[in-house]
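S.K.: below: sequence and its predicted model.
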Amino acid sequence: MPRIAGVDIPENKKIRYSLRYIYGIGPKFCDDILETAGVDPEKKAHELEEREVSMIASVIDDGYIVEGALRRQTQQNIQRLRDIRCYRGDRHRRGLPVRGQRTKCNARTRKGRKKTVAGKKGVK
Amino acid sequence: MGRSLKKGPYVDEKLYRKVMLQNEAGSRRSPIRTWARSCTIVPEFVGHTFQVHNGRQFTDVFVTEDMVGHKLGEFSLTRVFRGHTNKKEGIKSG
């Protein structure tokens, strides 16, 4: 079982698909990487030679931010917004949608499960 | 959607002039009152204090390097949310 970019161990799928199990690599980056690495995308992940695996790994190392580093970067970007106390940072702090969506109803992804308010009509 | 690169960032001209005047004079003491909330913060603004109108008052905004690229209005909130009324307590007492 090949091991690329630290902890990730994709399985007996074609490398074209198994590479996408790495955080930060989607369809587009996956194909780009395989092309620069010169690896046949239709090959199963376990059929890859040692050389090919290290080739893929080095391509990712050089030009792509994945996994922990990417998560950290995203977190830093949010932290920056919070620190400069701007509107967007404020929305992050309150856990409300950041990009101007309505919050009268919906917005459940950001607000979490419904919190029923006692005493409201129809809830009794 | 972002603004066309051809035009460059939107910077309020009068405000920009005032900032440059202060920069030349070397003194960055006096805060600048402004209504130009939609004005982008450019690097020249760093270190200045603005009083940005929020529709009611002027909020003090001290510009730091991190704020470059944002608009002045992002730092002067226009709404006040004091939380929802506590219905629970209303029922207990009733």
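M.R.: Now that the structure is in, tell me what you want to look at.

S.K.: for stretch B:15-22, what is the average pLDDT?
M.R.: Averaging pLDDT along stretch B:15-22 gives 88.

S.K.: how near is the residue positioned nearest the centre of chain B to chain A?
M.R.: Centroid-nearest residue in chain B: residue B:72, 3.0 Å away (criterion: C-alpha atoms, centre = their mean). Going from residue B:72 to chain A by C-beta to the nearest C-beta, to the nearest Å gives 10 Å. Quick note: C-beta positions are derived from backbone N, CA and C, even for glycine.

S.K.: surely residue B:54 touches residue B:74?
M.R.: No. Using C-beta atoms under 8 Å, residue B:54 makes no contact with residue B:74, being 11.1 Å away.

S.K.: these two: who's more crowded?
M.R.: residue B:74 (20 against 16; other C-beta atoms under 10 Å in any protein chain shown).

S.K.: sec struct for that one, please.
M.R.: helix (DSSP: H, G, I helix; E, B strand; the rest coil).

S.K.: which residue packs closest to it, ignoring adjacent ones?
M.R.: For residue B:74, ignoring the flanking residues on the chain, the nearest one in space by C-beta to C-beta, 6 or more residues apart in numbering or on different chains is residue A:86 at 4.2 Å.

S.K.: give me the neighbour count for that neighbour.
M.R.: As a burial measure, residue A:86 scores 22 neighbours (other C-beta under 10 Å).

S.K.: tell me which stretches of the chain form helices.
M.R.: Going with chain A. A:15-18, A:27-37, A:50-63, A:67-83, A:87-94, A:108-111 (DSSP state H).

S.K.: that's the other chain; I wanted chain B
M.R.: Under DSSP H, chain B gives helices at B:13-25, B:87-93.

S.K.: and the shortest one, what's its mean pLDDT?
M.R.: What that stands for is helix B:87-93. On average, the pLDDT along helix B:87-93 is 53.

S.K.: list the buried ones in stretch B:42-61?
M.R.: B:42, B:45-46, B:48, B:50-54, B:58-59, B:61 (16 or more other C-beta atoms under 10 Å in any protein chain shown).

S.K.: taking those residues one by one, which sit in strands?
M.R.: Assigned to strands by DSSP state E, the following of those qualify: B:50-53, B:58-59, B:61.

S.K.: which of those residues sits closest to residue B:33?
M.R.: Proximity of these to residue B:33 was ranked by C-beta to C-beta; the top entry is residue B:51 with 4.6 Å.

S.K.: so what sits opposite that closest one in the bridge?
M.R.: residue B:33, residue B:60 (DSSP bridges).

S.K.: contact partners for residue A:64?
M.R.: Residue A:64 makes contact with A:24-25, A:29, A:33, according to C-beta atoms under 8 Å, 6 or more residues apart in numbering or on different chains.

S.K.: that concludes my questions; thank you for your assistance.
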